[in-house]
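**Q** what follows is a predicted protein model with its sequence.
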Amino acid sequence: MSLIDPALAERVLERALARGGDFADLYAEDRNGFGLSLDDGKVEQAQLGQERGASVRLVTGDATYFGHVDGLGEEDLLRVAESVSGAMAAAASGVQALGAVSATVVHPVAERPEEVAAQRKADILRACDERARAAGDAVRQVSASYAESRRVVEVFNSEGLAAGDDRTRVRLGVQVVAGRDERVETGHETLGGHAGFELLSGDPAATAESAARKALTNLDAVDAPTGRMPVVVGNGFGGVLLHEAVGHGLESDAVQKRASVYAGRLGDQLAAPFLNAFDDGRREGAWGSDGIDDEGMPTQPTQILEDGRLVSYLYDRLRAGKDGVASTGNGRRESFRHLPQVRMTNTFFAPGDSSPEDLIASIEQGFYAVSFGGGQVEPATGDFVFGVSEGYLIENGKVTAPVRGATLIGNGVEALAAIDGIAGDLSIATGYCGKGGQQVPAGVGQPHVRIRALTVGGTA
Amino acid sequence: MASAGADLEVVGQRAVAAAADAGVDQAEAWVEQSWGVEIRVYEGEVESLSEAGSRGIGLRVIQDGRPGYAYGTDLSDAGVTDLARRAAEAARVTSPDEHAGLPAECGSADVSGLSDPGFADWSTEQKVELAVAIEHAARAKDGVSQVEDTVYADSSETVAIANSQGFSASFDATSAWSYASAFAGEGADLMTGMGLGLGRGPGAIDAEAVGNEAADRAISLRGARQGESSHCPVVLDAFVAASFIGFIGSMLSADAVQRGRSLFAGKEGQDVAALQFGLVDDGLDPDGPSSSPFDGEGSPRRQTPLIEDGRIASFIFDARTARRADRETTGGASRRSYRTPPSVGTSNLVLGPGDLSFEELLGQAGDGLYVTDVAGLHSGVNPVSGTFSVGATGRLIRGGELAEPVREITIASDLVGMLKAVLAVGSDARWVPFGGSVRAAPVLIADMAVSGS
């Protein structure tokens, strides 16, 4: 699918720069989505969406002027370009000739989701419902959702860039409520990727079983302990701790405004020498991956921690220019109605030598946080809070009672320095990351990690 | 502007007619159009300025009790015809729901003041000046080390609805909001603070007040250290109270209740709060950001007491949940945007204000904790049991006065336990856009568990 003729893109950019400016780009997007939700065995909602539009950005010095429009009509595009140029009052700036859009397939899609009958998708949700209910008599409610999206994007800029991307994502989510007597607990699990329907070709209902197991486990949970103790954090979604407590602080917009505890720390030994971490938007099929970022830069793996040293921040085009470095392909937008921001893609610790069992066996009294319900961080201070959705006590080197209502609370810089063990079982989970009013899909991941001491805030 | 509404109603009526041609039993179109500006300033200069309009339509259909939904940005005749085909297609995959259906009675409540008549008089340059003035006010305060982000944004929107019952209506609304994020202190002493202002137009935003609030909040927390564990009286400031109230409001949704996903399920008429704690869902207050003549499915908005005399007076119902419970809708169908079908939600939650000043609340607390920020509310609360543990930042209260700042602590309780322990509500109420749209005041809680070092 081609959205915009390069000759038209050139005219739009020329119009945007008609009264001067350093740089302009045009971002066009066609987005289609389909979603289904099931509750209590019934498919309650089916939604089809189709949106199309474009935005024009003009950069002059440190200032950005931006406008967007629904639809891709020539007159509308030229009007929005005219409108952003209104901020300027100088001589026209040049636009390099634009060639045809080049789009390389980085994340192949084997089975196009939109070509799969809706009924098959509904059947997967019903299978999830059955599998979750089969997990135990205490399962009271099951809700499941399926979502697919396809975003075709094209980016043109005044420096001659013409790039495109075709992004397909599929995601399955299951939530289970289990109850016994007065006690009610929930469990949640997701499966998603930058991939086609083949993602669900194996045993998608296993996602429901996992959600049910979490809810059932929590029925036997004891109140959370309180205080400082050693903590082992689970793989996969456990990586949200890295994302929140470290990753956001490496986004160069925060760094350049001194709004990050990691500002001025490049080259510093922030963690043990066995720790390596990456942000990798190229990782094949991963949830946070794309072919290009939303400024047209090819995505790439960017090492952020090398042998425990901080080696790179994450950049979009604008901030990279300020620091005199190259963009790391982290300029992302929620849609054509949004300005690019510096955002993570898939952020994870690389695997180490240890095993989850060894990490746990080394702890006399501690806490095992398998997964989180969510979290929040203040990048300027590094202070974070995470709600533990599945957690256990560690006693004498063994995982014992499940725990409910635990919260991990601490400071990113301190927690990073306190990591004293890492296993080899890297996996990446699907998240949505919010920043400045924009939501983008972000992969979070890690192998099992041990932290020497962290504050557990309990309910006990 | 009235013509914009009429135009959108016509688009909606066309979509509804196209849906009838596609053979569905019922149809409802929701059409939005907005124009707005968002300005970020940094160190006295524009960092980014976005001026743009957007529009969209969502079409809900019901066929043999099966709901279907489609949305898009193409409002042309061909566009809405395609939309109707897609919505009808979506309805083929869903399960029949005996309670599905449009509201029996539609209409518009009389609500005025949703648009600021002076809105259009403000030039973009004046709005930039307003944002710069906010940042300047924050930077001018002694002790502020940085102002990271200062934003002014506004929107002028037209919303229209049309359905197959023959109802068709529209309204215009304007809104403006601003915030600033300031830092005080350096290194391990650094703390942040946010200032906030909102109203129907830029004229309602007091630049000095927003900037000062950001600065004062950061300065008052500068040098915070981890607090000690204890059980003590807690004063929640209006921002924090609003976050909790927003969460409580979501639990009062009849949908959450009927699905057994609310701690208030089966508790209508029962005591769940102290007498001092009253809560109303008010969709008509002209100052309420979420006020409108009709809700997300064309029922008139109204005022619904939710918690009165400590008891649950009503849940929030839309047409579907009302039908299922054999009662009337409370005009509680919410709409996040044209992309989503209506669902049960709050309009504006209004906490009944008390008569104690902030100083009197602190005095009554004696020795305790003043909480100015909570983190992790949505991951930290069990919606069914109501138990929670959330991260908190604030100041200690000693002898009825604010004392040293604390961070990296959690506060824990259960929601009903907390509501029953409300000793007093302050008199300084304000609109807060957290947890939806809430008019909140500081709240004194008799006792909460604080975990720290």
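**A** All right, it came through fine.

**Q** tell me the residues of the stretch 151-300 of chain B that contact chain A?
**A** Within the stretch 151-300 of chain B, the positions near chain A by C-beta under 8 Å from any C-beta of the partner chain are B:Ser181, B:Phe183, B:Leu190, B:Met191, B:Thr192, B:Gln226, B:Ser229, B:Arg259, B:Gly260, B:Arg261. Bear in mind the C-beta positions are built from the backbone N, C-alpha and C, glycine included.

**Q** pLDDT weak spots in the chain?
**A** Because you didn't say which chain, this covers chain A. Chain A contains residues with pLDDT under 70 at A:458-460.

**Q** ah, I was thinking of chain B
**A** Low-confidence regions of chain B, defined here as pLDDT under 70, cover residues B:1-2, B:435.

**Q** which residues touch the longest helix anywhere in it?
**A** As assigned by DSSP state H, the longest helix anywhere in chain B is helix B:2-21. Contact with helix B:2-21 is made by B:27-33, B:57, B:59, B:61, B:75, B:77, B:80-81, B:83-85, B:87-88, B:158-164, B:168-172, as judged by C-beta atoms under 8 Å, 6 or more residues apart in numbering or on different chains.

**Q** what about residue 300, how many residues nearby?
**A** In the absence of a named chain, chain A is used. When counting by other C-beta atoms under 10 Å in any protein chain shown, one arrives at 17 neighbours for A:Gln300.

**Q** my question was about chain B
**A** By the criterion of other C-beta under 10 Å, B:Pro300 has 21 neighbours.

**Q** ok, now the one 5 residues further on?
**A** Other residues near B:Pro305 come to 17 when the count uses other C-beta under 10 Å.

**Q** quick check, B:Ser253 in contact with B:Val344.
**A** Yes - at 4.4 Å, B:Ser253 counts as touching B:Val344 under the criterion of C-beta atoms under 8 Å.

**Q** which residues touch the closest residue to B:Ser357 other than its chain neighbours?
**A** What sits nearest to B:Ser357 in space, not counting adjacent residues and going by C-beta to C-beta, 6 or more residues apart in numbering or on different chains, is B:Ser427, at 6.1 Å. Contacts of B:Ser427 were listed using C-beta under 8 Å, 6+ apart, and they are B:Pro353, B:Gly354, B:Asp355, B:Leu356, B:Ser357, B:Ala441.

**Q** kindly report the same for B:Gly332.
**A** Contact analysis of B:Gly332 by C-beta under 8 Å, 6+ apart lists B:Ser253, B:Ala254, B:Asp281, B:Asp295, B:Thr304, B:Ile316, B:Phe317, B:Asp318, B:Val344, B:Gly345, B:Thr346, B:Ser347.

**Q** which SS class is the fifth one?
**A** Using DSSP: H, G, I helix; E, B strand; the rest coil, the three-state assignment for B:Thr304 comes out as strand.

**Q** mind listing what it touches?
**A** The contact partners of B:Thr304, by C-beta under 8 Å, 6+ apart, come to B:Val280, B:Asp281, B:Asp282, B:Ala313, B:Ser314, B:Ile316, B:Thr330, B:Gly331, B:Gly332.

**Q** identify the farthest-apart pair in those.
**A** Taking C-beta to C-beta, the two most distant members of the contacts of B:Thr304 are B:Ala313 and B:Gly331; they sit 15.3 Å apart.

**Q** neighbour count winner among these two?
**A** Each of B:Ala313 and B:Gly331 has its neighbours counted (other C-beta under 10 Å); B:Gly331 has more, 29 against 16.

**Q** still on that earlier bit, and the longest helix of chain B, which residues are buried?
**A** B:4-5, B:7-9, B:11-19 (16 or more other C-beta atoms under 10 Å in any protein chain shown).

**Q** direction included, what does the helix or strand following that helix pair up with?
**A** Next along the chain after helix B:2-21, taking DSSP states H and E as the criterion, comes strand B:26-42. For strand B:26-42, the paired strands and their directions (DSSP bridges) read strand B:45-63 (antiparallel), strand B:144-163 (antiparallel).
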